[in-house]
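In: for reference, the sequence and a predicted model appear below.
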Amino acid sequence: MTDASASGGADLDFEHVPDTDQSFENALAKARAGDRLTVADGVELMTTGTDREGIDPVRKEQVLEAADRRRAEMVGDDVTFVANLNNNVTTACNTGCLFCNFKNTAHQFESDHEGDHTGFTKTPAESRAVVEDALDTGIYEVTSVSGLHPAFVLNEEHREILDSYDDPYAEVDYKPPAAYDTDPGAYVEQMRAMSVGGAHLHSMTPEEAYHARRGTDWSYEAVYRELKAAGLASVPGTAAEILVPEVRDVICPGKIGTDEWVEGMEGAMAAGLDATATIMYGHVENEAHRVMHLKVIRDLQDRTGGITEFVPLSFVHRNTPLYERGLVTEGASDAEDELMVAVARLFLDNVDNVQSSWVKFGDAKSLKLLNCGANDFMGTILSEEITKRAGGDYGEFRSFDDYVEMVSAIGRPPVERSTDYRQRRRLDPDDGPHGPMLGPRADGTPMVARPEDDGGEPAPADD
Ligand SMILES: C[S@@+](CC[C@H](N)C(=O)[O-])C[C@H]1O[C@@H](n2cnc3c(N)ncnc32)[C@H](O)[C@@H]1O
Ligand SMILES: Nc1c(NC[C@H](O)[C@H](O)[C@H](O)CO)[nH]c(=O)[nH]c1=O
Ligand SMILES: N[C@@H](Cc1ccc(O)cc1)C(=O)O
Ligand code: SF4
C-alpha cells in the first residue's frame, strides 16, 4: 500500500488511509470512459495503484494523458488568464494556522506594542489608491484575501454587537480600532474602496465571512448579500485547505470546520456570487484525504453550480510552523503535483476550469501542468505576499507578453479572460506587444511591474 507522507516528518495516525478494493486498471478505464469516479477510483489514480509502493511512472503517464484528453474535451485548447491585482488588506490574524507565514499575531499591531514586525494593514483609502493605480495598468479583477484583524467588523451594526460583549477580545476576537496603529475599517468600507472604477472585486473567503459574522446569528447568505451590495463580485474559495476534519485538526485547529466552510460557500452562492474552490496539499495529508476533499467540492458543485474554477495550491513549506516543528520535511513532489491536477480534472466532472499556478509551481512546472489537465494559468497579480512569506520565490508578476510567450511555446492559444470566464479574448502571438483589453480602463497597453516586483526590495511596512 502506498503511504503519501511525501512531506515526511511526523508519524500521524490517521483514520483515513489510501487503501481500496478497487484496482488501478478499473479506475483508469472508468476515467478514460468519462464515467463519474468514486473516491476509491480517485485514490487508485492519485496513488498510481494502492497495490504498489510509490508512484509508478508508466501508470502516472496514463493518468496524465487521460486528464489532458478530458481537458481538451471539456474546455478545448485555450489557455486562459486574467489581468488582476492582489491587494491584501492586513496580515494581522490570531487564527494560528500552522501552514501559514502570511499572518502576524494581532497584538504586534497594537499602538502600545514595542518592537518591529513585518506585517501591514491598509486603511480603505489606502486600498482604494492601490486599486486606482492598478486600474490604469488595465486590470480587470482585484483579489483581496486578508488576516482576520480583530478590529474588522462587517459594518457599524456589527461593531455595536461586538462592543456589547463583556470581554470582546476573549469572547469574539474583537478589539476596537483605537487600539491599533492603523484602522482597517469595516469590511463593507474595504469592499466599497476596492470595487472602485468598475473593478471586479474577488474577496471574502469563507473564513473571512466567518469573521464578518462572528458573535452574531447572521447567516452567511445575509453577510454575503451585504458585502455584495458594497461591491463584492465573487469569492475566493480558500481556507479550504484539506476538507477532512482529522487533517484540519492538525494543520488549522483554529479555522472553521469542513461543514462550516461548505455552509459559507453555499451562502455566497445563494447571495448570487460565483466562487472558486481550492485545495492546499502536500503537507501532512495522504492521497485518501486529497480525494475525499475533491468529493466535498464535487458534491457542493452538484448542489450549486457556482464554482468557476478549481485551484490546486501546493504547500510552500520553508518558513512555516509545520516545517519548523518537524511535522513536515518538504512539500509535494513533481509527480504528486502532476497527479493532483490530473485527478482533479478527472474527478471534478462538473467544474470546467482547473488552474495552474505559476506562483506555487514556477513557470516550467506550471506549463507542464497545462498538459496534465489544467487549462487556466491564473493572473498577472502584480503583488504577492502569501507564497513569498512562506519561502516561495517565483516572483509577483507575469506580463501579457510573458503569458503569450509561455503559452505559445506549448502550442496552445493564449486567451485573456474575465473572472467568470464569460468574457474571453484570444491574443495573436504575432501581434505584440500585448496588454489587457477587458478591464474597465484597459486599452491594450502592456502592463509593467513596479520595481519591487522584479526581485527588488518590497515597499516598507506601513503599520
Ligand atoms: C493566507 S489565507 C488569507 C485569507 C484568509 N485568512 C483565509 O484563511 O482564508 C489564504 C490561503 O492561502 C493559502 N496558504 C497560506 N499559506 C500557504 C502556504 N504556506 N503554502 C500554500 N498555500 C498557503 C491557504 O490555502 C489559505 O487558505
Ligand atoms: N493560484 C493562485 C492565485 N489564483 C487566483 C487567481 O489569481 C484569480 O484571482 C482567480 O483565478 C480568479 O480570477 N492567486 C495567487 O495570488 N496565488 C496563487 O497561487
Ligand atoms: N490566496 C491564495 C490563492 C488564491 C486566491 C484567490 C483564489 O480564488 C484562489 C486562490 C494563495 O496565494 O495561496
Ligand atoms: S491561513 Fe488565513 S486564517 Fe489561517 S493564519 Fe493565515 S491568514 Fe490567518
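Out: Perfect, thanks for sending it. Ligands and ions are numbered 1, 2, ... in the order given.

In: any idea how far ligand 2 is from Gly198?
Out: Relative to ligand 2, Gly198 is positioned 16 Å away (C-beta to the nearest ligand atom, to the nearest Å). C-beta here means a position set from N, CA and C on the backbone, and glycine is covered the same way.

In: was I right to think that residue contacts Leu438?
Out: No: Gly198 lies out of contact with Leu438 (C-beta atoms under 8 Å); the separation is 10.9 Å.

In: these two: which is more packed in?
Out: Under the criterion of other C-beta atoms under 10 Å, the comparison of Gly198 against Leu438 puts Leu438 first, with 19 against 10.

In: near ligand 3, which residues of the stretch 1-150 of the chain?
Out: Counting by C-beta under 6 Å from any ligand atom, the stretch 1-150 of the chain comes close to ligand 3 at 143, 145.

In: where do the helices sit along the stretch 1-150 of the chain?
Out: With DSSP state H, counting those that start in this stretch as the criterion, the stretch 1-150 of the chain has helices at 24-33, 39-47, 57-75, 124-137.

In: next, the angle helix 24-33 makes with the third one.
Out: An angle of 20 degrees separates the directions of helix 57-75 and helix 24-33 when computed by axes from the mean of the first three to the mean of the last three C-alpha atoms, to 10 degrees.

In: buried residues, helix 57-75. List them.
Out: 59-60, 62-71, 74-75 (16 or more other C-beta atoms under 10 Å).

In: closest residue of the stretch 151-300 of the chain to ligand 4?
Out: Glu207 (5.2 Å; C-beta to the nearest ligand atom).

In: circling back to that earlier point, and of the buried residues of helix 57-75, the nearest to ligand 4?
Out: Closest to ligand 4, out of all of the buried residues of helix 57-75 and judged by C-beta to the nearest ligand atom, is Ala67, at 28.5 Å.

In: ok, that closest one - contacts?
Out: 31, 341-343, 345-346, 372-373 (C-beta atoms under 8 Å, 6 or more residues apart in numbering).

In: at 7 Å instead, please
Out: 342, 345-346, 372-373 (C-beta atoms under 7 Å, 6 or more residues apart in numbering).

In: ok, now Arg214?
Out: 172-173.

In: do that again at 10 Å, thanks
Out: By C-beta atoms under 10 Å, 6 or more residues apart in numbering, the contact set of Arg214 is 148, 152-154, 158, 161-162, 168, 171-174.

In: now it, what's its secondary structure?
Out: coil (DSSP: H, G, I helix; E, B strand; the rest coil).

In: please apply the same query to Leu201.
Out: strand.

In: and the residue of the stretch 351-463 of the chain closest to ligand 3?
Out: Ile386 (3.9 Å).

In: do you know how far that residue is from Ser234?
Out: 19 Å (C-beta to C-beta, to the nearest Å).

In: Ser23 touches Ala29, doesn't it?
Out: Yes: when contacts are counted by C-beta atoms under 10 Å, Ser23 is listed as touching Ala29 (9.4 Å).

In: what do these two both touch?
Out: Asp41.

In: host element of the residue of the chain positioned farthest from its centre?
Out: What lies farthest from the middle of the chain is Asp166; by C-alpha atoms, centre = their mean that is 35.8 Å. Per DSSP states H and E, Asp166 falls between elements, in no helix or strand.

In: and for Ala374?
Out: Per DSSP H and E, there is no helix or strand for Ala374.

In: cool, the one 4 residues further on as well?
Out: Taking DSSP H and E as the criterion, Met378 maps to strand 376-379.

In: average pLDDT for that strand?
Out: Average pLDDT, strand 376-379: 98.

In: again, but for stretch 291-300
Out: Stretch 291-300 comes out at a mean pLDDT of 99.

In: buried ones in it, by neighbour count?
Out: Quick answer for stretch 291-300 (16+ other C-beta under 10 Å): 291-298, 300.

In: just the ones of the residues you listed in helices?
Out: 291-298, 300 (DSSP state H).

In: turn the residues you listed into CSV, including distance to Tyr394.
Out: Converted to CSV, those look like this (distance: C-beta to C-beta, whole Å):
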residue, distance to Tyr394
Val291, 27
Met292, 29
His293, 24
Leu294, 25
Lys295, 30
Val296, 29
Ile297, 25
Arg298, 29
Leu300, 30
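
In: those: which two are farthest apart?
Out: Pairwise distances across those (C-beta to C-beta) peak at 15.0 Å, for the pair Val291 and Leu300.

In: so where's this protein uncertain?
Out: Scanning the chain for pLDDT under 70 picks out 1-7, 450-463.

In: which residues in it form strands?
Out: 79-82, 84-86, 141-144, 200-203, 232-235, 274-281, 307-314, 353-354, 376-379, 414-417, 424-426 (DSSP state E).

In: before we move on, the earlier item: pick the one among the buried residues of stretch 291-300 closest to ligand 2.
Out: For these, the nearest to ligand 2 is Ile297 (15.3 Å; C-beta to the nearest ligand atom).

In: contacting residues around that closest one?
Out: 237, 240, 243, 262, 265, 277-279, 307, 310, 344, 347-348, 350-351.

In: how close does Glu416 sit to ligand 4?
Out: For Glu416, the distance to ligand 4 - C-beta to the nearest ligand atom - is 29 Å.

In: skip the chain neighbours and tell me the closest residue to that residue.
Out: In space, and not counting its chain neighbours, Glu416 is closest to Arg425: 4.5 Å by C-beta to C-beta, 6 or more residues apart in numbering.

In: ok, Leu313 next?
Out: Met280 (4.5 Å).

In: mind listing what the one you found touches?
Out: Contacts of Met280 by C-beta under 10 Å, 6+ apart are 97, 99-100, 238-242, 251-252, 293, 311-316, 360.

In: quick check: residues of this structure near ligand 1?
Out: 99-100, 102, 145-148, 205, 207-208, 238-239, 241, 278, 280, 313, 315-316, 320, 386, 390.

In: give me the buried subset of the residues you listed.
Out: 99-100, 102, 145-148, 205, 207-208, 238-239, 241, 278, 280, 313, 315-316, 320, 386, 390.

In: what's the neighbour count on Pro253?
Out: Count around Pro253 with other C-beta under 10 Å applied: 12.

In: got it, and His16?
Out: Count around His16 with other C-beta under 10 Å applied: 18.

In: so which residues on this structure come close to ligand 2?
Out: Going by C-beta under 6 Å from any ligand atom, the residues of the chain near ligand 2 are 82, 84, 86, 141, 143, 202, 276, 309, 311, 313, 355, 357, 359-360, 378-379, 381, 384, 419.

In: same thing but 5 Å
Out: The chain has residues 82, 143, 311, 357, 359-360, 378-379, 381, 419 near ligand 2, with proximity defined as C-beta under 5 Å from any ligand atom.

In: could you identify the most distant pair in these?
Out: For the residues of the chain next to ligand 2, and using C-beta to C-beta, no pair is farther apart than Lys360 and Thr419, which are 19.3 Å apart.
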